[in-house]
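Undergrad: Following is a predicted model, sequence given first.
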Amino acid sequence: MSGRIAAAGDVAAYPGPRGHRRLPLWTSAIEQARVAALALLRGDEAEELRPQPYFWTEQFGLALKVCGELPVAGDPETLDGVLGERSALLRWGHADGTGTAAALGYRIPIPRLRALTRPVAAPP
Ligand SMILES: Cc1cc2nc3c(=O)[nH]c(=O)nc-3n(C[C@H](O)[C@H](O)[C@H](O)COP(=O)(O)OP(=O)(O)OC[C@H]3O[C@@H](n4cnc5c(N)ncnc54)[C@H](O)[C@@H]3O)c2cc1C
């Protein structure tokens, strides 16, 4: 960090796998705020931001939790549940093997949802 100014939350953009962009989500604002505070205290010795994109919301009576990079493209794989029955665990795979996982009306602990974003080993 050069200077004594830090930015965090919706106003801040930062570099990531999909370029330099903002991630206007509650959890992102919190993880950025922690890193910004450490940067003000420790300068260049502070850890870099390692974003773990995650958000939850409730829309039309359905709880939605999503881990991983957005936006997604194409149809997801349904890992469990039935989308038409308003309860499903979905995963969009990305070219690098990582994924974006979504729990729609589906109860799952966040660490398990996040684990679904990790690279899947290619079949032998
Ligand atoms: C309608 C809506 C729904 C959303 N739903 C979701 C959701 O379901 N899930 C999710 O993860 N994220 C959601 N978000 C995004 C989430 O609210 C933001 O990403 C998060 O609040 C960003 O936090 P922040 O601290 O950067 O900004 P903010 O929470 O906007 O805080 C900025 C603060 O600065 C204050 N302020 C502004 N100007 C000044 C000034 N000149 N002087 C002093 N204070 C000032 C404002 O009053 C405000 O309190 C939603 C946003 C909106 C608008």
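TA: The structure has been received and is ready for your questions. Numbering: from 1, shown residues only.
Undergrad: Touching, residue 70 and residue 64? I think so.
TA: No: using Cβ atoms under 8 Å, residue 70 is not in contact with residue 64, being 11.9 Å away. From N, CA and C alone the C-beta is placed, and that goes for glycine too.
Undergrad: so what's residue 77 up against?
TA: 90-93 (Cβ atoms under 8 Å, 6 or more residues apart in numbering).
Undergrad: In strands, which of these fall?
TA: 90-93 (DSSP state E).
Undergrad: ChimeraX command for the buried members of those?
TA: Applying 16 or more other Cβ atoms under 10 Å to the ones in strands among the contacts of residue 77, the buried members can be selected in ChimeraX as follows:
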select :90,91,92
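Undergrad: and the gap between the residue positioned nearest the centre of the chain and residue 121?
TA: The centroid of the chain falls nearest to residue 53 when counting by Cα atoms, centre = their mean (1.6 Å). According to Cβ to Cβ, to the nearest Å, residue 53 and residue 121 sit 22 Å apart.
Undergrad: Per the annotation, how does the chain divide into domains?
TA: Domain assignment for the chain, taken from automatic domain parsing, gives 9-45, 54-115.
Undergrad: Bridged to residue 67, which residues?
TA: When bridges are taken as DSSP bridges, the partners of residue 67 come out as residue 54, residue 101.
Undergrad: Straight-line length of stretch 11-25, end to end?
TA: End-to-end distance of stretch 11-25 (Cα to Cα, to the nearest Å): 11 Å.
Undergrad: Could you pick out the residues of this protein near the ligand for me?
TA: 9-10, 24-26, 29, 55, 57 (Cβ under 6 Å from any ligand atom).
Undergrad: Having no further points to raise, I will conclude here.
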